[in-house]
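J.: any chance you can model this:
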Amino acid sequence: MLYKPQCDGCNACQSSRIRLKDFKLSKSQKRILNKAKHLTFSIREADFNESDFSLYKKYIELRHSDGDMYPPDRQQYESFLCKNFGFNFFLEIKLEDQTIAINQFDSLSDGLSAVYTFFDPDYDYLSLGVISVLQLISISKQVGHPYLYLGYYIQNCSKMNYKSKYQPLELFINGNWKDFELN
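T.: Numbers count the residues shown, from 1 in each chain. Sure, this is the predicted structure:
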């Protein structure tokens with residue numbers, strides 16, 4: 001699924017990316033990484049399996065039952081996250097042998113692009129969304145990418161404005177990438 005918001009008279013959705021050469025972990029992010037030392041990470045093709053879909057269903061049912069992805073169904077899941085175009089992958093996060101989170105991301109010429117993260121809400125205390133982004137930052141830096149793309153930043157949307165916690169953040173405004181800092 002490829003999309004671009006085109007709302008008449010609205011420009012609230014701004015593409016965002018982290019400039020990796022200047023990224024430094026915050027104290028909070030360091031604490032979260034410390035909690036994650038016992039987790040393992042692997043990358044694999046973005047393909048369908050029943051276990052991943054069960055994790056996705058649990059996440060949507062418990063965290064997003066008020067959204068347009070509810071109720072979760074296999075066709076929607078597959079078209080959204082499992083179409084393999086050759087540049088999309090799953091970052092799998094495991095606790096022991098159990099997958100507790102998946103981040104679907106794309107591999108671009110100048111960076112990785114985080115598409116969607118879902119996780120087991122029973123492990124909310126591990127801040128798996130943050131861990132997922134920090135792991136993608138680490139992978140991007142290791143392969144020499146200058147950016148990690150985070151999708152759309154929407155200032156007045158609590159589900160989308162978390163991206164401001166990753167600095168330096170740039171937003172694509174009027175055809176140009178511009179530095180963004182929270183006031």
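
J.: OK, contacts around Asp22?
T.: Neighbouring residues of Asp22 by Cβ atoms under 8 Å, 6 or more residues apart in numbering: Pro168. For every residue, glycine as well, the C-beta is placed using N, CA and C.

J.: need the per-residue pLDDT for it.
T.: On the pLDDT scale, Asp22 is placed at 97.

J.: so where do the helices sit in the protein?
T.: 27-35, 50-63, 74-81, 128-142 (DSSP state H).

J.: so the third one versus helix 50-63, what angle?
T.: Our comparison of helix 74-81 with helix 50-63, counting by axes from the mean of the first three to the mean of the last three Cα atoms, to 10 degrees, yields an angle of 90 degrees.

J.: ok, now which ones touch Tyr116?
T.: Tyr116 neighbours (Cβ under 8 Å, 6+ apart): Phe80, Leu81, Asn103, Gln104.

J.: can you report how many residues neighbour the first one?
T.: Read that as Phe80. 16 (other Cβ atoms under 10 Å).

J.: identify the bridge partners of the residue nearest in space to the middle of the chain.
T.: With distances taken as Cα atoms, centre = their mean, the residue of the chain nearest its centroid is Ala114 (4.0 Å). Applying DSSP bridges to Ala114 gives these bridge partners: Phe105.

J.: please tell me how far it sits from Ala12.
T.: Distance from Ala114 to Ala12, counting by Cβ to Cβ, to the nearest Å: 19 Å.

J.: pLDDT weak spots in this structure?
T.: 1-6, 183 (pLDDT under 70).

J.: separation between the residue lying farthest from the centre of the chain and Phe80?
T.: Largest separation from the mean C-alpha position in the chain: Gly9, at 27.3 Å (Cα atoms, centre = their mean). Between Gly9 and Phe80 the distance is 27 Å, computed by Cβ to Cβ.

J.: how about Phe41?
T.: 22 Å.

J.: can you pull the contacts of the closest residue to Ser51 other than its chain neighbours?
T.: Distances taken as Cβ to Cβ, 6 or more residues apart in numbering place Thr99 nearest to Ser51, at 6.7 Å, with adjacent residues excluded. Neighbour list for Thr99: Ser51, Asp52, Leu55, Glu92, Ile93 [criterion: Cβ under 8 Å, 6+ apart].
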